[in-house]
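1. this is a predicted model, with the sequence first.
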Amino acid sequence: MSRKLLFRPRWVLWGLTLFLSFLLLTGCAAKPYLTKDNSYTIVFNSAAGTSQVYPLKLTWNSNMAVMQKLLLESSFVLADLSTSTPTAKAEDSTVLRADFPESKQMFLMIDDQEVKMDVKSLEIEVDGPSLGLVTINDTLIVQGIPNTNLSSALNDLLDMLAKAQPDKE
């Protein structure tokens, strides 16, 4: 009898592993936000109308889990898009931008309709008054899910990048 009890948890663990693998292989892993060459940019917009653009340069020894967390939180924003966008306020905001070397075909849910698009670039407001605001191909502006985890994921990434910089005296 004790042998049967040891056998069942293995099957449960094996089944759970297969189920998670199935989810990852059938769409959850196909996050539309990942680029081939990791070309991401953080854009800091000020209320005064100026912008500072910082290309993300991840070193070979960077903790990729921190970047992946930000990308995962960003991809949740894309799950449900709406053309009714909030009125932008004159406040500071931070945007994560992804540029794709080649157009990437994506299926996005916009106003409860699946829309097939060729996407060359994506911007997601990760901190600011219009959290989750998405700009596709620099022209189409839609509101995504306002994911409050974006700000902490961005702060974790910025902390990691700051620690990776050698101290300048």
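-> Nice, I can see it.
2. next, the closest residue to Ala98 other than its chain neighbours: secondary structure please.
-> Spatial nearest neighbour of Ala98, excluding adjacent residues (C-beta to C-beta, 6 or more residues apart in numbering): Leu122 at 4.9 Å. All C-beta atoms are positioned from the backbone trio N, CA, C, and that covers glycine. What DSSP: H, G, I helix; E, B strand; the rest coil gives for Leu122 is strand.
3. identify the bridge partners of Leu122.
-> Beta-bridge pairing for Leu122 (DSSP bridges): Ala98, Ile136.
4. so it makes contact with Asp138?
-> No - judged on C-beta atoms under 8 Å, Leu122 makes no contact with Asp138 at a distance of 9.8 Å.
5. which of these two has more neighbours?
-> Taking other C-beta atoms under 10 Å, Leu122 and Asp138 do not tie; Leu122 has more neighbours (27 against 11).
6. so what's the more buried one scoring on pLDDT?
-> pLDDT, the model's per-residue confidence, is 90 for Leu122.
7. with the one 3 residues further on instead?
-> Reading off the per-residue confidence, Glu125 sits at a pLDDT of 92.
8. wait, what's in contact with it?
-> 93-95, 131-134 (C-beta atoms under 8 Å, 6 or more residues apart in numbering).
9. okay, now the unreliable bits of this structure?
-> Filtered on pLDDT under 70, the chain yields the residue ranges 1-38, 58-62, 85-89, 165-169.
10. helices along that one, start to end?
-> 2-23, 64-77, 149-164 (DSSP state H).
11. now for the shortest one, which elements pack on it?
-> With contacts taken as 3 or more C-beta pairs under 8 Å, 6 or more residues apart in numbering; DSSP states H and E, helix 64-77 sits against strand 113-127, helix 149-164.
12. ok, Ser84 to Asp99 distance?
-> 27 Å (C-beta to C-beta, to the nearest Å).
13. sorry, wrong one. I was asking about Leu70.
-> 16 Å.
14. between those two, which is the more surrounded one?
-> Set Leu70 next to Asp99 and count neighbours by other C-beta under 10 Å: Leu70 wins out with 25 against 14.
15. return the residues in contact with the more buried one.
-> Taking C-beta under 8 Å, 6+ apart, we find Leu70 in contact with 96, 126, 150, 153-154, 156-157.
16. gap between it and Val53?
-> 17 Å.
17. could the helices and strands packed on helix 64-77 go into a markdown table alongside distance to Gln143?
-> Putting these into a markdown table (distance: least, C-beta to C-beta, whole Å) gives the following:
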| stretch | distance to Gln143 |
| --- | --- |
| strand 113-127 | 10 |
| helix 149-164 | 14 |
